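Asker: Starting from these lines, generate the structure:
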Amino acid sequence: MKKSVITSVLAVLAALTTTVGAQNYPKEYLGLPGDNLNLYAVMDLFRNAPTLEAFERSLNEQDSRINNLDLNGDWRVDYIAVSDYRDGRVHNIVLRAVLGRNEYQDVAVIVVERMKKKRVVIQIIGDELLYGRNYIIEPVYAKKHRIRHEYGPVYYGGATIYNNYYYDMWDWPVVVHIYSPYYDGWSSSWYWGYYPTWYEPWSPWYWDYYYGYHSGWHSHYHSYYHHSDRYRYQRYNDYYYHSVRQESPQVQRRVAEGNYRQTYSRPEQRAEGMDLQRRTREAITEGTRSQAPANAGTRRQATPQAVSGTVPSEGRRTAAGTEGRRAAETEATRRASTETVSRNAEENGQTRRAGTGTVSREAAGNDATRRSTTGTVSREAATTEEARRAPATLSRTDQNSEHNAQTGETVRRTAASAPVTVKSAESEAAEAREAQAREAQAREVQARENERRAAEAREAQQRAAEQRAAEARAEQQRMSEQRAAEAREAQAREVQARENERRASEAREAQQRAAEQRAAEARAEQQRVSEQRAAEAREAQAREVQARENERRASEAREAQQRAAEQRAAESRENERRAAEARENERRAAENRAAQQRTLESGSDRISRK
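Answerer: Modelled structure (predicted):
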C-alpha cells in the first residue's frame, strides 16, 4: 500500500513537471525541425522579391536571419534551392534543402494559382515531415483596396506593402515576374559542393534565440498572413505530393531519434533574440545599412560525435573554390613569410662571414621578389610586406657592418705583428668570398628557373581562364539568343491567344444564347425526369425492403434446414456405429464357432487314428 501511494505521488509530480515545462513553449512551437524556418517570414520575403532568383539569394543570406535549418547535422545552415514546377496556370515553387550529393529534403512549397480576371491565390505549405500535416500559411484576403507604406522586417529602407486583396496580389513583383510572357521558368543550378560565390554557410542559432528575434515581427506577420487548414490547389496531392516531392531518409531517421531536440536547450537566449530584433528595428528606423551583429554565444556548438555520417569529408565548397583559395592564400602567405625570414637570416650570416659584403642588398631584394611571385600572393602584397620589414633588415645590416669594421680593424692590428697570419686570413677570406659568390650565382640561377616555371604556369592558367571565359560567353550568348527566340515565340503565341480568345468570346456569346434556350427546355425535362426518378426510387426502395425481408426469411429457413440436416447426419452416424458393432460381434461369434468346430474335428481325427 505504501509503495502504491509513493508511486502515485511520483506520477502526479511528473505530470505536473511536464505540464509546467510544456507551458513555457509559445503557441508557435511545433517540436519539429520546421521551427527553425519561419514560413511567415518566408512568405513576407517572397512578397517583396522581384524574381525567384533574388528570392533564393535573400533566403540563403545570413543577414536576412530567416534560414536556420540544419537537417543533416553538420552544424552548418543548409542551402535551400528554389525551383518552379508548373502545372498549367499553377506554379509550384518548391523550397528544397540540399543535404548531400544525391540527397534532398523538401522544406515547403509556395503554390501560386492564377484565377480569372487577374485574381491570384497564394499559399505556402510546409512539408509534413518538418511541420506536420496541413501547416498552411496564406495571405489575409481583404475586401477593399488599400496600399500601406511600412518598413519591412528584413529589408532596409521603406518598402511598399500591398494588401492581400486578390487584385493586389496580382501586383506582387514576383507574381508579375512569373506570369510575364518572357518568363521561361526557374530551376536552381546549385547543388551539393557547388554553391554561389556569395554564399557562406554559418552555424545555426538555438531555437529560442531564433524565435525571440522573430517574435518581434509577429504583429507584422499576423496582420498580413494567417494559418489555413485547407488546400486551395485542388491537384496538390496528385501533382506535387506524389510526383514532385522529395523526402530524405536521413531526416526521417533523425526526427524519429529526436536528434533535433538539442536546439530547444537554451530558453534563456530568447531575451537576447528579442534584444537583437529591437536593435535591428532601431537600425532600420534610423536608416543605417548595418544591423547589430548577433551574439556568437547564441550559435549551436558542434561536437565531433554529433556530425552526421552522410556528410562527405571534404565539406562544403563554393562554386569558385572560396575555401580552397583562402587556404591556398594563407599557406602561400605563411611560406612567403618563412622564406623572407630565412633570406634575412642568410643575408645576415653572409654579411658576418664576408666583411666586404660581396652580395648586395639589391640582389637579395630581387631574389626575394622573384621568390614571392612564384606563390599565390600578389606582387603588391609582397612589395608591401618587404617594405614593412625593410627597416628591421637595414638596422641588422648596419649592425653587421659595424661588426665587420671592428673585425677588419682587429685584422689590421694583427697584421702588423704577424704578416704570415694576415696572408692566411686574406686567403681564407678570398676563398669564402668565392664560395659565397658561387652560392649566390647558384641561387640566382635557381630563382630564374623558378620564375620561368611560375611564368609558364601563370600563362597556362591565363590561357585556361580565357578559354573558360570564351566558352562561358558563348554559352551565355547562346542562352540569351535562345531566351530571345523563346520570348518572340511567346509573344506570337500571346497575340494568337488574344485573337483566339476574341473569336472564342464571340462564339461563346452565340452559344450562350442557344444554351439559354436549351437550358429552359432542359430544366423542364429535368424536372419531369427527376419526378420519374423519385417515383422509381421509391419503388426501388420498397422492393429493396421486400428483398431484405425475403432474404431474412430465407436465411432462417436455411438455418432450420441446416440444423435438421446436422441432426439427421448425427443419427445416421450413430446407426452406422451400432451396425458396425453388431457386425463385429457376429464376426467374432462366427470365428469362435469355427474354432470350436476345428477343435472337435481334430479330436475325432485323433480318436479314429488310434
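
Asker: Any regions of the stretch 351-500 of the chain where pLDDT drops low?
Answerer: Per-residue confidence of the stretch 351-500 of the chain (counting by pLDDT under 70) places the weak regions at 351-423.

Asker: how about the helices in it?
Answerer: When assigned using DSSP state H, counting those that start in this stretch, the helices of the stretch 351-500 of the chain occupy the ranges 361-373, 379-417, 419-609.

Asker: List the contacts of P204.
Answerer: P204 sits next to 36, 68-70, 75-77, 263, 299-300 when contact means CB atoms under 8 Å, 6 or more residues apart in numbering. Any C-beta I mention is one placed from the backbone N, CA and C, and that applies to glycine too.

Asker: Could you dump the residues you listed into JSON lines with neighbour count and pLDDT added?
Answerer: Listed next are the contacts of P204 as JSON lines, based on neighbours: other CB atoms under 10 Å; pLDDT from 0 to 100:
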{"residue": "N36", "neighbour count": "23", "pLDDT": "94"}
{"residue": "N68", "neighbour count": "24", "pLDDT": "93"}
{"residue": "L69", "neighbour count": "23", "pLDDT": "94"}
{"residue": "D70", "neighbour count": "24", "pLDDT": "93"}
{"residue": "W75", "neighbour count": "19", "pLDDT": "90"}
{"residue": "R76", "neighbour count": "17", "pLDDT": "92"}
{"residue": "V77", "neighbour count": "23", "pLDDT": "94"}
{"residue": "T263", "neighbour count": "20", "pLDDT": "85"}
{"residue": "R299", "neighbour count": "15", "pLDDT": "66"}
{"residue": "R300", "neighbour count": "19", "pLDDT": "65"}
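
Asker: coming back round to it: of all the helices of the stretch 351-500 of the chain, which one is nearest S187?
Answerer: With CB to CB as the criterion, S187 lies closest to helix 419-609 of the helices of the stretch 351-500 of the chain, at 13.5 Å.

Asker: Quick one: list the elements packing against that closest one.
Answerer: Under the contact criterion of 3 or more CB pairs under 8 Å, 6 or more residues apart in numbering; DSSP states H and E, helix 419-609 touches helix 322-353, helix 361-373, helix 379-417.

Asker: What's the first helix or strand after the strand or helix carrying V98?
Answerer: When elements are defined using DSSP states H and E, V98 is found to belong to strand 90-100. Heading C-terminal from strand 90-100, the first helix or strand you meet, by DSSP H and E, is strand 103-114.

Asker: could you give me the average pLDDT of that next one?
Answerer: Taken as a whole, strand 103-114 carries a mean pLDDT of 94.

Asker: One more: stretch 127-146?
Answerer: 80.

Asker: Which positions within it qualify as buried?
Answerer: By neighbour count, with 16 or more other CB atoms under 10 Å as the criterion, the buried positions of stretch 127-146 are 127-131, 135-139.

Asker: do the same with stretch 485-495
Answerer: Buried residues in stretch 485-495, counting neighbours by 16+ other CB under 10 Å, are found at A490.

Asker: and if you look at stretch 115-130?
Answerer: Across stretch 115-130, burial judged by 16+ other CB under 10 Å covers 120-130.

Asker: taking the contacts of P204 one by one, which sit in helices?
Answerer: Filtering those for membership in helices, criterion DSSP state H, returns an empty set.

Asker: With distance to E494 added, can I get those in JSON lines?
Answerer: Formatted as JSON lines, the contacts of P204 follow (distance: CB to CB, whole Å):
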{"residue": "N36", "distance to E494": "42"}
{"residue": "N68", "distance to E494": "42"}
{"residue": "L69", "distance to E494": "39"}
{"residue": "D70", "distance to E494": "45"}
{"residue": "W75", "distance to E494": "50"}
{"residue": "R76", "distance to E494": "45"}
{"residue": "V77", "distance to E494": "41"}
{"residue": "T263", "distance to E494": "49"}
{"residue": "R299", "distance to E494": "50"}
{"residue": "R300", "distance to E494": "51"}
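
Asker: can you tell me which of the helices of the stretch 351-500 of the chain comes nearest to L59?
Answerer: Nearest to L59 among these is helix 419-609; the distance by CB to CB comes to 24.2 Å.

Asker: nearest to R452, of the contacts of P204?
Answerer: The shortest separation between R452 and any of the contacts of P204 is 42.7 Å, and it belongs to R76 (by CB to CB).

Asker: so that closest one touches L69, yeah?
Answerer: No - here R76 does not reach L69: they are 10.2 Å apart, not a contact under CB atoms under 8 Å.

Asker: Look up how far V42 lies from E257.
Answerer: 27 Å (CB to CB, to the nearest Å).

Asker: Compare these two (neighbour count), which wins?
Answerer: Remark: of E257 and V42, V42 carries more neighbours, 24 against 9, as counted by other CB atoms under 10 Å.

Asker: Surely the more buried one is in contact with I93?
Answerer: No - the criterion here is CB under 8 Å, and V42 misses it with I93 at 10.6 Å.

Asker: hang on, the earlier thing: name the nearest of the contacts of P204 relative to Y240.
Answerer: Minimum separation from Y240 among the contacts of P204 (CB to CB) is found for L69, which lies at 20.1 Å.

Asker: Next, the contact list for that closest one, please.
Answerer: Each residue near L69 by CB under 8 Å, 6+ apart is listed here: 33, 36-37, 77-78, 80, 97, 107, 204.

Asker: And Q491, by the same measure?
Answerer: For Q491, the contacting residues are P181, by CB under 8 Å, 6+ apart.

Asker: Turn the helices of the stretch 351-500 of the chain into TSV, including distance to A283.
Answerer: Shown next, in TSV, are these (distance: least, CB to CB, whole Å):
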stretch	distance to A283
helix 361-373	43
helix 379-417	34
helix 419-609	38
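
Asker: To R253, which of these lies closest?
Answerer: Nearest of the helices of the stretch 351-500 of the chain (CB to CB): helix 419-609, 40.4 Å.

Asker: Tell me the spacing between N550 and R518.
Answerer: Counting by CB to CB, the gap from N550 to R518 is 45 Å.

Asker: scratch that, V176
Answerer: 41 Å.

Asker: Brilliant, that's me finished.
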